[in-house]
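Participant: just to be clear, the model below is a prediction. Sequence and coordinates:
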Amino acid sequence: MGAYWSVVLAVVWRDALVERRNLQSLVAMITFALLVVVLFHFAFNIQGGEEARFFPGAIWVALFFGGTVGMARTLHMEEVDGRGRALTLAPVDRSAVFVGKFLSNLLLLGVTQLVAVPLFVAAFRLPGIAAPGLFVGGLALGTWGFAALGTLLTNAAGGSQGLGLILPLLLFPLLVPVALGGVALVAAGVSGETGPAIVSWMQLLLVFDLLFTVLPALFYEYIVEV
């Protein structure tokens with residue numbers, strides 16, 4: 001087990017060092033998220049107390065599109081310099097590679113949120129977050145599922161030409177449960193209104209997250225070979 005997590009940490013550390021040197025993926029993700037902030041702020045005249053109603057959908061649009069751009073950019077860089085193929089050929093547990101890549105993408109998405117979420121709160125002039133724990137939990141559960149599914153699709157199809165163009169077509173339909181649950185939980189966190197439906201959304205997101213984290217890790221070697 002110690003050797004397994006050593007591989008996981010090595011993959012995360014390698015990706016962090018590569019990203020620190022060029023910051024291309026992180027800059028692309030943050031830039032796209034900020035573009036969505038500007039678009040929603042200036043293109044839509046949201047007022048009259050409707051800010052809290054539009055905020056959850058807007059923040060997830062920014063995170064989904066910005067994250068997709070960043071993950072596609074990361075995959076492209078790995079295919080250009082051969083790092084992705086080297087990981088595939090390395091004599092290590094393939095599931096550890098998947099978990100490491102998943103944690104790397106989760107870290108990138110987390111850093112993007114640290115920049116984008118406060119700007120969205122300011123742009124939408126929210127007076128405050130009624131239930132901060134529910135708000136952060138909704139973001140965390142949604143980001144977990146997004147990172148797991150995005151990691152599976154990008155790495156399983158590594159080497160496929162034009163994946164960056166078709167990645168949204170593959171990813172977004174499968175993200176519907178994450179989008180619905182994430183928006184519902186973030187909206188509940190902003191308004192403070194909770195109920196049985198919120199618990200159901202949390203359970204759905206948790207099942208989705210575990211499903212697309214555990215199963216790809218178990219069968220990642222066969223997925224990559226196919």
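Facilitator: That came through fine.
Participant: not counting its neighbours along the chain, what's nearest Phe124?
Facilitator: Leaving aside its sequence neighbours, Phe124 sits nearest to Glu51 (CB to CB, 6 or more residues apart in numbering; 4.3 Å). (Glycine included, C-beta is placed from N, CA and C.)
Participant: figure out the helix or strand that Val186 lives in.
Facilitator: Using DSSP states H and E, Val186 maps to helix 176-191.
Participant: what's the following helix or strand after that helix?
Facilitator: helix 196-225.
Participant: least trustworthy helix or strand in this structure by mean pLDDT?
Facilitator: helix 83-89 (a mean of 55; mean pLDDT, DSSP states H and E).
Participant: tell me the helix or strand right after it.
Facilitator: helix 94-123.
Participant: quick check: angle from that following helix to helix 196-225?
Facilitator: With axes from the mean of the first three to the mean of the last three CA atoms, to 10 degrees applied, the angle from helix 94-123 to helix 196-225 works out at 140 degrees.
Participant: buried stuff in whichever helix or strand comes after helix 94-123?
Facilitator: Remark: after helix 94-123, the chain's next helix or strand is helix 132-156, criterion DSSP H and E. For helix 132-156, the neighbour count (16 or more other CB atoms under 10 Å) marks 134-156 as buried.
Participant: before we move on, what about stretch 122-131?
Facilitator: Applying 16+ other CB under 10 Å to stretch 122-131 flags 123-124, 129-131 as buried.
Participant: give the contact list for Phe172.
Facilitator: 64, 68 (CB atoms under 8 Å, 6 or more residues apart in numbering).
Participant: how far away is it from Phe64?
Facilitator: Distance, Phe172 to Phe64, by CB to CB, to the nearest Å: 7 Å.
Participant: in this model Leu106 seems to touch Asp15, though I could be wrong.
Facilitator: No. If you go by CB atoms under 8 Å, Asp15 and Leu106 don't touch, sitting 11.0 Å apart.
Participant: rewinding a little: so for the helix holding Val186, what gets flagged as buried?
Facilitator: Here helix 176-191 shows 177-179, 181-191 as buried, counting by 16+ other CB under 10 Å.
Participant: can you check what angle separates that helix from helix 196-225?
Facilitator: 140 degrees.
Participant: looking at helix 176-191 now, give me its mean pLDDT.
Facilitator: Computed over helix 176-191, the mean pLDDT rounds to 92.
Participant: so how far is it off the chain centroid?
Facilitator: How far helix 176-191 lies from its chain's middle: 15 Å, per CA atoms, centre = their mean, to the nearest Å.
Participant: who are the packing partners of that helix?
Facilitator: Applying 3 or more CB pairs under 8 Å, 6 or more residues apart in numbering; DSSP states H and E, one finds that helix 176-191 contacts helix 51-81, helix 132-156, helix 196-225.
Participant: tabulate these (CSV), appending distance to Lys101 and mean pLDDT.
Facilitator: Listed next are these as CSV, based on distance: least, CB to CB, whole Å; pLDDT from 0 to 100:
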stretch, distance to Lys101, mean pLDDT
helix 51-81, 9, 78
helix 132-156, 5, 90
helix 196-225, 10, 86
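Participant: most widely separated two among the buried residues of stretch 122-131?
Facilitator: For the buried residues of stretch 122-131, the maximum inter-member distance is 20.8 Å, found between Ala123 and Ala131 (CB to CB).
Participant: closest to Val38 out of the helices and strands packed on helix 176-191?
Facilitator: Closest to Val38 of those is helix 51-81 (CB to CB; 10.4 Å).
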